[in-house]
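Colleague: Sequence first, predicted coordinates after that:
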Amino acid sequence: MKGITPEQTVEHYENFPVGSFLLPKAFRPAIAVVYHVARYADDLADEGDASAAERLAALDECSAELQRIARGETPHMARFQALAPVVAKYAIPLQLFEDLFSAFRQDVVKTRYQDFGEVIDYCRRSANPVGRILLHIFGQTDARQLALSDGICSALQLVNFWQDVAIDWQKNRVYLPQDDMERFSLTEVDIDRGIATPAFKQLMAFQCDRTRRMLRAGSPLGVQLPGRVGLEIRTIVLAADRVLSKIKLAQYDVFNARPTLTGGDWPAILWQALKVGITKKV
């Protein structure tokens with residue numbers, strides 16, 4: 001396959017880095033292994049100049065590696081060789097990785113979403129498994145925690161979508177729901193022009209407000225989980241909320257500048273996360 005080799009990962013800007021220095025050191029190696037597998041598979045769908053058929057074949061090989069792990073065989077790729085003991089140690093369901101791979105396959109073949117339900121179904125597979133994998137590593141997997149994690153992770157994925165409307169358009173992808181576009185009288189011609197029209201701003205305001213409600217609904221997880229694990233979750237939630245605020249501050253014009261977090265944002269986010277830990281209310 002052209003572009004991405006089995007042991008290569010493309011450098012990316014990450015809004016919400018997981019496995020940061022905030023977490024206890026004991027968790028970081030396992031999280032790094034999971035991250036590199038997920039990032040590699042995601043890059044197979046997005047990076048390089050491979051054809052759709054080549055991308056799908058490469059992702060199928062990732063699924064084959066999971067099957068080798070399930071059968072107790074040695075995977076072919078070093079990334080998956082490293083993943084096998086992590087999966088065993090933390091009893092991580094392999095289906096969570098397969099859900100990720102299915103979302104990445106979908107990115108290869110599906111470029112439009114009819115309604116918000118379709119978008120959320122994508123988030124269920126592209127984002128939620130990451131949170132569930134982390135909770136397995138943390139040893140915090142009751143049903144309530146998993147549900148809260150799903151809400152946070154779906155919201156994080158949506159933040160990326162609204163932040164990246166212009167970038168995704170260059171890949172011929174539109175994650176804004178088609179029925180919402182029709183409701184707000186926005187067409188793809190408007191997106192192609194790269195102008196934040198009144199209709200575009202209204203639609204983006206609607207999506208960002210809905211995303212913020214989802215994010216805050218899941219935020220109690222950050223005070224339910226103990227110690228530095230909870231601090232990490234609170235930091236990620238507050239970071240996502242800050243990106244939404246930056247999108248709003250830019251009047252939803254994500255065409256001229258992609259709202260991102262900078263080094264100056266993180267001290268304030270961390271301080272707020274620490275205060276929330278004291279008050280126990282996100």
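Modeller: Nice, thanks for sending it over. Numbering: from 1, shown residues only.
Colleague: low-scoring stretches of the chain, by residue?
Modeller: 1-20, 277-282 (pLDDT under 70).
Colleague: which helix is the longest one in it?
Modeller: helix 227-249 (DSSP state H).
Colleague: which helices and strands does that helix pack with?
Modeller: Judged by 3 or more CB pairs under 8 Å, 6 or more residues apart in numbering; DSSP states H and E, helix 227-249 is in contact with helix 143-163, helix 198-218, helix 221-224, helix 265-279. C-beta coordinates here come from the backbone N, C-alpha and C atoms, glycine included.
Colleague: And Arg28, how far from Arg193?
Modeller: 44 Å (CB to CB, to the nearest Å).
Colleague: And those two? Which one has more around it.
Modeller: Neighbour totals were compared for Arg28 and Arg193, and Arg28 leads with 16 against 12 (other CB atoms under 10 Å).
Colleague: Which of the helices or strands spans the more buried one?
Modeller: Arg28 is located in helix 28-46, with elements delineated by DSSP states H and E.
Colleague: buried stuff in that helix?
Modeller: Using 16 or more other CB atoms under 10 Å as the test for burial, helix 28-46 gives 28, 30-31, 33-46.
Colleague: can you check stretch 233-248 too?
Modeller: So stretch 233-248, judged by 16+ other CB under 10 Å, has buried residues 233-244, 246-248.
Colleague: Report the two of those separated the most.
Modeller: Ile233 and Lys248 (23.2 Å; CB to CB).
Colleague: Centre of the chain to the longest helix of the chain, how far?
Modeller: 13 Å (CA atoms, centre = their mean, to the nearest Å).
Colleague: For Ser219, give me its contacts.
Modeller: The contact partners of Ser219, taken as CB atoms under 8 Å, 6 or more residues apart in numbering, are Leu148, Ile152, Arg234, Val237, Val282.
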